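J.: Sequence and predicted structure below; questions after.
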Amino acid sequence: MSSPRTIRVDLAGRAYDIAIGPGLIDRAGELSRPLLAAPRVTIVSDDTVEPIYGARLAASFERAGVKTETVTVPAGESSKDFASFGRLLNELLDRRPDRKTTLVALGGGVVGDLTGFAAAVLLRGVDFIQVPTTLLAQVDSSVGGKTGINTRHGKNLVGAFYQPRFVLADTTVLDTLPRRELLAGYAEVAKYGLIDDPEFFTWCEANGDKVLAGDAAARTYAIEQSCLSKARIVAADERETTDLRALLNLGHTFGHALEAETGFGGALLHGEAVGAGMAMAFDLSARLGLCPQADAERVRRHLGSVGLPVRLRTIGGDNSRTWDAAKLIEHMRGDKKAEGGKLTFVLARGIGKSFVTRDVDEAGLRGLLDDAIAA
Ligand SMILES: O=C(O)C(=O)C[C@@H](O)[C@H](O)[C@H](O)COP(=O)(O)O
């Protein structure tokens, strides 16, 4: 059988491939067998995805002579907390893994982040493979080795940089993804254009609807371009030691605060929060005179036109929610990027011209939040 399209994440001794293409779940065993330390894997999935794809993935490993076991967690962001993480570790240990066991994360960002963190600490570190089944996980969270959980203090505040051995993105699984999940992932696709690739953002404006409607060529192109951008940035700044990787956090200072305020219970999908957060980051950039107003409007128009909720009033599908600017700013202070009490933002000088700054006037921020809440 032909080799799928692969993109290399070039990390010297820890380099790995992202394979992208239709039907790859059925080839997971054959494609990952050479990477396994021993012919046994434990698949970690959630109770939405496992019933749909678990048996096919397990069968593909079994065909390659690999023994499988499966552990399932409840679907949703609430599984990314201490208690769920502890339960997952115990369930994994119940199956008597050894250091040559490989974990396979089958699911979206929550399953990937949770499994990756479990792999980082189980027996002090076992290998793991990502089989992302959402658009968001395929274009973003499965690549780059950011693993972790949420705490009552905020999003992803406990975790590890721990790279997978392989990422296997089966593009056909997106056909069964609910539109809301697709949209949430699409926010992260558009993000790459907004960070440093204005041509890609222009492509998104022309083709975003096709990506969401299931056009296979448009979808594959969007995933490949996103993974190329992410692989390039991660290879250059794996552990976010310079501000380069931090650019991938465009929209996240706002987004994480919105998620924290709604309690990580799934009222708000991560990608929805990021979409609204990117619109706010461009609005703030324009308000501070850093970015042309026309660019901020273009961002808001495109994200809104594909169906992302870019107004705080509509985000999370609960029109009765009230937001409090002071509380949102308090959440931002707890963000990992905050340094010495200074809030950190990814702002922009225009589309594709993002940069990191710790120099944001809080009165300007407060004004933006008050206006966003009132709009
Ligand atoms: O990979 C990265 O680096 C990112 O920042 C990608 C983000 O889109 C992703 O949501 C990430 O998990 C956020 O990381 P965090 O360090 O801000 O928690």
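T.: That came in fine, so what should we check first?

J.: residue ranges of the strands in the stretch 201-350 of the chain, please?
T.: Along the stretch 201-350 of the chain, counting by DSSP state E, counting those that start in this stretch, strands occupy 345-348.

J.: out of everything not next to it in sequence, what's closest to Arg347?
T.: In this structure residue 347 is Leu, not Arg. Leaving aside its sequence neighbours, Leu347 sits nearest to Ser285 (C-beta to C-beta, 6 or more residues apart in numbering; 4.4 Å). Any C-beta I mention is one placed from the backbone N, CA and C, and that applies to glycine too.

J.: for His302, that is, sorry about that
T.: Closest residue to His302 apart from its sequence neighbours, by C-beta to C-beta, 6+ apart: Glu205 at 5.2 Å.

J.: for the residue nearest to Leu347, what are its contacts?
T.: Contacts for Ser285 (C-beta atoms under 8 Å, 6 or more residues apart in numbering) come out as 291, 296, 347-349.

J.: Among those, name the buried ones.
T.: 291, 296, 347-348 (16 or more other C-beta atoms under 10 Å).

J.: As TSV, these with pLDDT and distance to Glu259 would be great.
T.: Formatted as TSV, the buried ones among the contacts of Ser285 follow (pLDDT from 0 to 100; distance: C-beta to C-beta, whole Å):
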residue	pLDDT	distance to Glu259
Cys291	97	24
Ala296	98	22
Leu347	97	20
Ala348	98	21
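
J.: and whichever residue of the stretch 1-150 of the chain sits closest to the ligand, backbone torsions?
T.: Using C-beta to the nearest ligand atom, Gly144 is the residue of the stretch 1-150 of the chain that sits closest to the ligand, at 4.2 Å. Gly144 adopts backbone torsions of phi 110, psi -10, taken as degrees, to the nearest 10.

J.: Tell me how many other residues crowd it.
T.: 23 (other C-beta atoms under 10 Å).

J.: I'd say it and Val9 touch.
T.: Yes - assessed by C-beta atoms under 8 Å, Gly144 is found in contact with Val9 at 7.4 Å.

J.: where do the contact lists of these two overlap?
T.: 163, 234.

J.: quick check: longest helix of this protein.
T.: Secondary structure of the chain per DSSP state H: the longest helix is helix 216-236.

J.: of all the residues in this structure, which ones are close to the ligand?
T.: Contact residues, the chain versus the ligand (C-beta under 6 Å from any ligand atom): 140-141, 144, 146, 155-156, 188, 245, 248-249, 252, 336.

J.: any idea which of the residues you listed has the most stuff around it?
T.: Asp140 (28 neighbours).

J.: Excluding sequence neighbours, find me the nearest residue to Thr70.
T.: Computed as C-beta to C-beta, 6+ apart, the closest residue to Thr70 that is not its neighbour in sequence is Ile43, at 4.6 Å.

J.: quick one: average pLDDT of whatever helix or strand that neighbour lives in?
T.: Following DSSP states H and E, one finds Ile43 within strand 40-46. Average pLDDT, strand 40-46: 98.

J.: Direction included, what does that strand pair up with?
T.: Counting by DSSP bridges, the strands paired with strand 40-46 are strand 67-73 (parallel), strand 102-107 (parallel).
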